[in-house]
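*Asks:* Sharing a model prediction with you, sequence too.
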Amino acid sequence: MKKYVGLSLLALTFVGCSPLQKAMKSEDLEFKSKVANQYYEQQKYRKAIRLYEQVETSFRGRPDYEDLYFNFAEATYLTKEYMTAAERFKLFAATYPRSEKREEALLKEIKCGVELSPVYSLDQTITNTTINKLQKFIDQYPGSDFIFEANSIMSQMNKKLEKKAFENAKQLNTIGPYTRNYGAAIVALDNFIYDYPGTEYKEEALFYKLDSAYKLAMNSVYSRLEERLNNAKGMYDALLRFNDETKYKEKADDMLEDINTELQKISK
């Protein structure tokens, strides 16, 4: 009776053993690779990764396992493990420098950086690193099938830096009443417009330049009042030259009226 119980338990263990468990326990690396690729094709990426990890060092660099290594990196990317995926795509490109998939691997490494890039308000070190890698890719592979996508990503990353630069400049005008620095805001907004001449934030930047100059003038010592009022008036003109139907026109007109009133007082 004990013999039959033992055999039954053994049978249940065998039946209950999943293909993943069988492959994980197997010492046959070719079998592990085959099962890993099957899981990859079935989009069961986490199971595939567990097996790829077991064969990685044994097969790295072998030409016949190039696809396996690309799948390994791709599965990692698709499970949103972007930091690890970036390293695996980078390793693939270094291990298989003549691969037809090398350009794709390099771009996928860059796309991992895009996914890891934080919102514009946070530190943009990853964004800058990603832009540098993109520029290198574009310079190295100007005729790549992926060049349109690379340029699109470059635009996306630059827009994030542009947004951060604008918000940083604008913040000097809009932060708390005791920490505002209108003079510094004017300089920062000037620099922003110079650095990003085609920016979508130009109208807003011109308005906040006017707003900063207006508030600087209205809080000015008398000896500099006229100069600062005229400076603010010039910024009003610059905003209206850019867009005479600006959404800020009502506010700008109110400022201009105050500026002209103060200038009239000085002239008397």
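*Replies:* Nice, I can see it.
*Asks:* Helices of the stretch 1-150 of the chain, start to end?
*Replies:* In the stretch 1-150 of the chain, helices defined by DSSP state H, counting those that start in this stretch lie at 2-16, 19-25, 29-41, 45-59, 66-78, 82-95, 102-116, 125-140, 147-174, listed in chain order.
*Asks:* Please produce a markdown table containing the ones you listed, extended by mean neighbour count.
*Replies:* No exception for glycine: its C-beta is placed from N, CA and C like everyone else's. Below are the helices of the stretch 1-150 of the chain laid out as a markdown table (neighbours: other CB atoms under 10 Å):
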| stretch | mean neighbour count |
| --- | --- |
| helix 2-16 | 9 |
| helix 19-25 | 14 |
| helix 29-41 | 18 |
| helix 45-59 | 18 |
| helix 66-78 | 22 |
| helix 82-95 | 19 |
| helix 102-116 | 21 |
| helix 125-140 | 16 |
| helix 147-174 | 17 |
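*Asks:* Can you add mean pLDDT and give the ones you listed back as JSON lines?
*Replies:* Below are the helices of the stretch 1-150 of the chain laid out as JSON lines (pLDDT from 0 to 100):
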{"stretch": "helix 2-16", "mean pLDDT": "41"}
{"stretch": "helix 19-25", "mean pLDDT": "83"}
{"stretch": "helix 29-41", "mean pLDDT": "91"}
{"stretch": "helix 45-59", "mean pLDDT": "92"}
{"stretch": "helix 66-78", "mean pLDDT": "96"}
{"stretch": "helix 82-95", "mean pLDDT": "97"}
{"stretch": "helix 102-116", "mean pLDDT": "98"}
{"stretch": "helix 125-140", "mean pLDDT": "97"}
{"stretch": "helix 147-174", "mean pLDDT": "95"}
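*Asks:* can I get those in TSV with distance to Asn243?
*Replies:* Compiled in TSV, the helices of the stretch 1-150 of the chain are given as follows (distance: least, CB to CB, whole Å):
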stretch	distance to Asn243
helix 2-16	72
helix 19-25	62
helix 29-41	54
helix 45-59	50
helix 66-78	43
helix 82-95	41
helix 102-116	33
helix 125-140	30
helix 147-174	17
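*Asks:* quick one, which of those is nearest to Asp258?
*Replies:* helix 147-174 (17.1 Å; CB to CB).
*Asks:* Check which residues of the next helix or strand after the closest one are buried.
*Replies:* Moving toward the C-terminus from helix 147-174, the next helix or strand (DSSP states H and E) is helix 182-195. Buried residues in helix 182-195, counted by 16 or more other CB atoms under 10 Å: Tyr182, Ala185, Ile186, Ala188, Leu189, Phe192, Ile193.
*Asks:* of those, closest to Tyr141?
*Replies:* Nearest to Tyr141 among the buried residues of helix 182-195, with distances taken as CB to CB, is Phe192, at 32.2 Å.
*Asks:* Relative to Ala105, which of the buried residues of helix 182-195 is nearest.
*Replies:* The closest of the buried residues of helix 182-195, once distances to Ala105 are taken by CB to CB, is Phe192, at 36.4 Å.
*Asks:* Next up, the contacts around the closest residue to the closest one other than its chain neighbours.
*Replies:* Spatial nearest neighbour of Phe192, excluding adjacent residues (CB to CB, 6 or more residues apart in numbering): Ala169 at 4.6 Å. The contact partners of Ala169, by CB atoms under 8 Å, 6 or more residues apart in numbering, come to Ala185, Ala188, Leu189, Asn191, Phe192, Ala205, Tyr208.
*Asks:* The third one and Gln171 touch, don't they?
*Replies:* No: under the criterion of CB atoms under 8 Å, Leu189 makes no contact with Gln171, lying 10.7 Å away.
*Asks:* For the nearest residue to Met83 once chain neighbours are set aside, give its distance to Arg102.
*Replies:* Leaving aside its chain neighbours, Met83 sits nearest to Leu116 (6.5 Å; criterion: CB to CB, 6+ apart). Separation of Leu116 from Arg102 (CB to CB, to the nearest Å): 22 Å.
*Asks:* can you check Tyr69 too?
*Replies:* 12 Å.
*Asks:* what is in contact with those two at once?
*Replies:* Phe92, Tyr96.
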